[in-house]
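**Student:** Structure, please.
(chains A, B and C)
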Amino acid sequence: MNIAEIAAALGAQVEGDATLVIRRAVHPSEAEGPEDLALAMDKDLLALLPGSRARAAVVAEGAEVPEGLAARIIVKRPRYAMAGLLDLFERPVHAEAGVHPQAYVAPDAEIADGVSIAPFAYVGPRARIGAGVVILPHVTVGADAVIGAGSLLHPGARIGERVVLGERCIIHPNAAVGNDGFSFVTPEPGSVESAKTTGRVVGTNVLIRRVNSIGTVILGDDVEIGAGATIDRGTVTATRIGSGTKIDNLVQIGHNVQIGTNCMLCGHVGVAGSTIIGDRVVLAGKVGVADHVKIGNDAVVAANSGVGTDIPAKEVYMGYPAVPRARAFEQYKGLARLKRLFADVAELKARLRASDAPATPSTDGPGADQPERG
Amino acid sequence: MNIAEIAAALGAQVEGDATLVIRRAVHPSEAEGPEDLALAMDKDLLALLPGSRARAAVVAEGAEVPEGLAARIIVKRPRYAMAGLLDLFERPVHAEAGVHPQAYVAPDAEIADGVSIAPFAYVGPRARIGAGVVILPHVTVGADAVIGAGSLLHPGARIGERVVLGERCIIHPNAAVGNDGFSFVTPEPGSVESAKTTGRVVGTNVLIRRVNSIGTVILGDDVEIGAGATIDRGTVTATRIGSGTKIDNLVQIGHNVQIGTNCMLCGHVGVAGSTIIGDRVVLAGKVGVADHVKIGNDAVVAANSGVGTDIPAKEVYMGYPAVPRARAFEQYKGLARLKRLFADVAELKARLRASDAPATPSTDGPGADQPERG
Amino acid sequence: MNIAEIAAALGAQVEGDATLVIRRAVHPSEAEGPEDLALAMDKDLLALLPGSRARAAVVAEGAEVPEGLAARIIVKRPRYAMAGLLDLFERPVHAEAGVHPQAYVAPDAEIADGVSIAPFAYVGPRARIGAGVVILPHVTVGADAVIGAGSLLHPGARIGERVVLGERCIIHPNAAVGNDGFSFVTPEPGSVESAKTTGRVVGTNVLIRRVNSIGTVILGDDVEIGAGATIDRGTVTATRIGSGTKIDNLVQIGHNVQIGTNCMLCGHVGVAGSTIIGDRVVLAGKVGVADHVKIGNDAVVAANSGVGTDIPAKEVYMGYPAVPRARAFEQYKGLARLKRLFADVAELKARLRASDAPATPSTDGPGADQPERG
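**Tutor:** Here you go, the predicted structure:
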């Protein structure tokens, strides 16, 4: 590829020698020669260009670019240009065509054309593997599962029985899709039910009975499930994740959860059973969402928040318990000012004591200045 | 099975045609014909019955059931009835009898009768696999491990060396039981020790030495370990999890932890080393528990809480740091009212200024209305 | 080994029969005979000695040791002595020499001397496995990966393509190193960008485009990655983890993160993309760190904290959002005292009303005593 071709793919402008041939896209400090294209779309990276061996760079519109380059590609929205650049210079994972002799494929599994199934991959009875699917080593595809065309299953991915993946899904290493739900019940109302209704533990969980999961998980197209993430199957029907939704590493999705399209759930997010999440919702890292909650379209929840109530569409929530962002900021400000408030009140009390009853000693005691124990 | 048999198994009543033959239990909207039994134990599901192809349904006692069904099974405690129904209609995982030729079983492992060992499962030296155990693909059973009769090991489960599972345990996909503890020590007190005692970092961790784990993990009977959960072995003796305890996905249990019977630890719970948890304790999602803490029987800890102190039996705790539920609610209420409190105090100060010294300008400055930085 | 040899290895003193031969180090209650050495370095364990079958014990200097032992080893810093003792009595994992016939090793992989590669392990094209490396069952080593000499890869560990491990690294079960980063971008600023700048959701994520990861992960020497932990590769260059750094179970490290030497990251820690962590930093359990943050050398962050800002060297931070420890304690104390503060202010208001306008009924309403809804 030459500079002109790369710029055309990005819809970007070129300054300098558009015929320069490029073989790699690199960090400026890792360039080895003139066939390396330095990615220098922010200030820190621009500063590295003079010491770089690259003769060409991608830079942001309006940036002050050091002299000495033979060519520059000028982009308007650097983050978005990065996506285009890394499509051009992608380094796809190693995968050999066909079914490796050290794989196991059940005799009645259906394998479409152009599939790659690696050593030690397991494909169970009646599973259907779509065209062009890549199954890397140590992947388990359970009985009756369906893997949509063009999907990529990384090492150690577990696809449970009857689970359905749309097209072009990516399941990252050691993700587990289609596990049994965490669902147990006591013959009489147990400790949690009593705590929720009375605030006290009355019933105790002397007997716990398992609620089996006979449902499944259905993923739309272009869904990604992060490394080590776990998606539980529905109790009777399906846990569903809509097309275009991206789920990060170590996220836990409970049974019966419904997630819309184009959502982004970041690392360590946990969503408890039967919660409904709309389209284009963003849950930042470590957000926890209670069961049976509804989150509206385009809502955003800030990192580490604990969501216990419904969230309307387009709202930004944060905190524990999560509240609208403005109210959360107000609370944090209040907390930071508390020390001064205590001092103010102590002073007011002293003034009033002085003016009210100048001859009488206070009986307030030291309590107000001491924290409660515990 | 017919309606009468299902009702008998649940201890439930029948209205209508008790001889109707049933083959599946389904969500009302997924019924395909008269052999499907619609599960309609709440309002939302009842409303779907008129449009459903099911001719029979399970409904809650006292519910207003739409006309048109040939038979209804009436249950008293729907959640509990669900457990019974899904025992009857369970869809067990695919497992072939015997040891698959593509499995690896060490020559000196002991394999009891009725065992299923799938392709690419590994059973190490001297491991003992009890009667009826099902080992699915890609499971690792380490040397000298013991798997109790009737246990089920899902794909990618890792059972460390010398680990002991009781009977009927279920280890979900990619759970790892028997990992080394996270235990390191510095020759002199390090940064954390100094921070805990002085609030400041004095020592630094220039040298870190590993403390090996030579203990193991012992699970009781009927224990479940969720997908991706990690249970560390004891340093010298055993990390123990009592019979009937259920552990959800992505839970982390540190070395030397002791957990009693019939506990429920929900998704993303983390329990640090050497903590002792009683019987029937419930830790909701994302709860973190510090090391060397004791939690009493039947205690309940609300989601997202951080437990740094002992919790007495039967108490309900919440918050960060976790405190008794009533106190936590009081704190949340206080936080929500803080803005008003600041306004009240400002007003009081203004009044006092006005009455105290009408001729003197205030010297309080704007400070009280501005948050501290940071 | 006899008592004298053990004491010499620990630099400890002996009282009693230094010639006693020892075969195991055990918890006092698990001793079976005179060849067991009871580890009794704290009070609770000392109390078990009279009932133990051990005739020798390791005890802390200055402890009151019950009568009846034939020999005692007296140590100064018990935690540190434990590291030495468990080096002596380590129980290394089972590993057979050589490449097992049921492993897969690509023909062009380079395998050094003294390597153990177990059944169902996969080593991809051009991977380089250093001397003495132990690869246990179900491990995946991707194409072009480099595993430093003396490293140990536990079952189910996933080493991505091009990932580099230093010497003596330990990768625990089901850890995944070298996953794609969680990096997506919208053509125009999306919901999170608008929420961050305006506090409101303006743009919506109707189109999400993937940013591929072409970088890698580089680990120094003596790095440990805990069970189920996930380490994402850099977008263009490398995510780096310095020598001696220990990462606990279920930790998530985002793309491009740089971590220094000798850090300790405890269970469920999450570090978002491009964050820079210095040397000897300790992040306690469940700490979340935002993207693009800098944490200075020797900093300590308390459990469950959420870090959204830079942390200077040697500081101790805690809370959500994390603040210096002293300030956090002040906030917790303030929260605990809030109820009393509300009462004080209500009383002040009542007094002022009484003195200000004795004949006029209050118009304050009940508001101040009621929490805001939500």
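
**Student:** number of nearby residues for the residue lying closest to A:Ala63 once chain neighbours are set aside?
**Tutor:** Among residues not flanking A:Ala63 along the chain, A:Leu46 sits closest, at 6.0 Å (CB to CB, 6 or more residues apart in numbering or on different chains). (C-beta placed from N, C-alpha, C; glycine too.) For A:Leu46, the count of nearby residues is 19 (other CB atoms under 10 Å in any protein chain shown).

**Student:** roughly how far apart are A:Leu46 and A:Ser52?
**Tutor:** As for A:Leu46, its distance to A:Ser52 is 10 Å (criterion: CB to CB, to the nearest Å).

**Student:** which bits of the stretch 51-200 of chain A sit near chain C?
**Tutor:** A:77, A:79-80, A:82-83, A:86-87, A:89-91, A:93-94, A:102, A:118-120, A:136-138, A:154-156, A:170, A:172-174 (CB under 8 Å from any CB of the partner chain).

**Student:** Would you mind checking those residues for buried ones?
**Tutor:** For these, a burial check counting by 16 or more other CB atoms under 10 Å in any protein chain shown picks out A:77, A:79-80, A:82-83, A:86, A:89, A:91, A:93-94, A:102, A:118-120, A:136-138, A:154-156, A:170, A:172-174.

**Student:** Can you flag which of those belong to helices?
**Tutor:** Residues of these located in helices (DSSP state H): A:Arg79, A:Tyr80, A:Met82, A:Ala83, A:Leu86.

**Student:** Columns distance to C:Gln252 and pLDDT on top of the residues you listed, output as TSV?
**Tutor:** Shown next, in TSV, are these (distance: CB to CB, whole Å; pLDDT from 0 to 100):
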residue	distance to C:Gln252	pLDDT
A:Arg79	22	90
A:Tyr80	25	94
A:Met82	22	96
A:Ala83	22	96
A:Leu86	22	96
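
**Student:** Let me know the closest of these to A:Val307.
**Tutor:** Closest approach between those and A:Val307, by CB to CB: A:Arg79, at 27.5 Å.

**Student:** Which residue is the nearest non-sequential neighbour of the residue positioned nearest the centre of chain A?
**Tutor:** Central residue of chain A (CA atoms, centre = their mean): A:Cys266, 2.3 Å from the mean position. Nearest residue to A:Cys266 in three dimensions, chain neighbours excluded: A:Gly285, at 4.3 Å (CB to CB, 6+ apart).

**Student:** Against C:Asp310, how distant is the one you found?
**Tutor:** A:Gly285 is 18 Å from C:Asp310, by CB to CB.

**Student:** if you count what's nearby, which of those two comes out ahead?
**Tutor:** Between A:Gly285 and C:Asp310, counted using other CB under 10 Å, the more crowded position is A:Gly285 (28 against 14).

**Student:** Show me how far stretch A:9-22 is from its chain's centre.
**Tutor:** The chain centre lies 34 Å from the centre of stretch A:9-22; the measure is CA atoms, centre = their mean, to the nearest Å.

**Student:** What average pLDDT does it get?
**Tutor:** Mean pLDDT, computed over stretch A:9-22, is 96.

**Student:** quick one: that stretch near chain C?
**Tutor:** No. On the criterion CB under 8 Å from any CB, stretch A:9-22 is out of touch with chain C, staying 10.7 Å away.

**Student:** Which residues does that stretch contact?
**Tutor:** Here stretch A:9-22 makes contact (CB atoms under 8 Å, 6 or more residues apart in numbering or on different chains) with A:1-4, A:6-7, A:34-37, A:55-56, A:58, A:69-76, A:81, A:84-85, A:87-88.

**Student:** how much does the lowest-mean-pLDDT helix or strand in chain A deviate in direction from helix B:78-88?
**Tutor:** Using mean pLDDT, DSSP states H and E, helix A:191-198 stands out as the lowest-scoring helix or strand of chain A, at a mean of 83. For helix A:191-198 against helix B:78-88, the angle by axes from the mean of the first three to the mean of the last three CA atoms, to 10 degrees is 160 degrees.

**Student:** packing partners for helix A:191-198?
**Tutor:** Packing contacts for helix A:191-198, counted by 3 or more CB pairs under 8 Å, 6 or more residues apart in numbering or on different chains; DSSP states H and E, involve strand B:300-301.

**Student:** Tell me if the strand it packs on is near chain A.
**Tutor:** Yes. On the criterion CB under 8 Å from any CB, strand B:300-301 is in touch with chain A at B:Val300.

**Student:** And the average pLDDT for the very next helix or strand once past that strand is what?
**Tutor:** Downstream of strand B:300-301, the next assigned helix or strand under DSSP states H and E is strand B:306-307. Averaging pLDDT along strand B:306-307 yields 98.

**Student:** wait, does the helix or strand that comes right after strand B:306-307 make contact with chain C?
**Tutor:** Scanning forward in sequence from strand B:306-307 by DSSP H and E, the next helix or strand is strand B:316-319. No. Judged by CB under 8 Å from any CB, strand B:316-319 stays clear of chain C, getting no closer than 9.0 Å.

**Student:** what about strand B:316-319, near chain A?
**Tutor:** Yes. Strand B:316-319 is in contact with chain A by CB under 8 Å from any CB, via B:Val316.

**Student:** which helices and strands sit right next to that strand?
**Tutor:** On a contact count with 3+ CB pairs under 8 Å, 6+ apart, strand B:316-319 meets strand B:300-301, strand B:322-324, helix B:325-356.

**Student:** Of those, give the one that comes closest to chain C.
**Tutor:** Nearest of the helices and strands packed on strand B:316-319 to chain C, taken as CB to the nearest CB: helix B:325-356 at 3.6 Å.

**Student:** now that closest one: mean pLDDT?
**Tutor:** The average pLDDT within helix B:325-356 is 88.

**Student:** between that helix and helix A:191-198, how many degrees?
**Tutor:** Put simply, helix B:325-356 runs at 30 degrees to helix A:191-198, going by the same axes, to 10 degrees.

**Student:** List the buried residues for helix B:325-356?
**Tutor:** Within helix B:325-356, the residues that count as buried by 16+ other CB under 10 Å are B:325, B:327-328, B:330-338, B:340-342, B:344-345, B:348-349, B:351-353.

**Student:** Just confirm A:Ala149 contacts A:Asp113, I think it does.
**Tutor:** No. In this structure, A:Ala149 is not within contact of A:Asp113 by CB atoms under 8 Å, at 9.7 Å.

**Student:** Could you measure from A:Pro66 over to A:Lys76?
**Tutor:** In terms of CB to CB, A:Pro66 sits 20 Å off from A:Lys76.

**Student:** need the contact list for the residue nearest to A:Arg126 when sequence neighbours are not counted.
**Tutor:** Excluding its sequence neighbours, the residue lying closest to A:Arg126 (CB to CB, 6+ apart) is A:Asp144, at 4.9 Å. A:Asp144 is in contact with A:Gly124, A:Pro125, A:Arg126, A:Ala127, A:Glu161, A:Arg162, counting by CB under 8 Å, 6+ apart.
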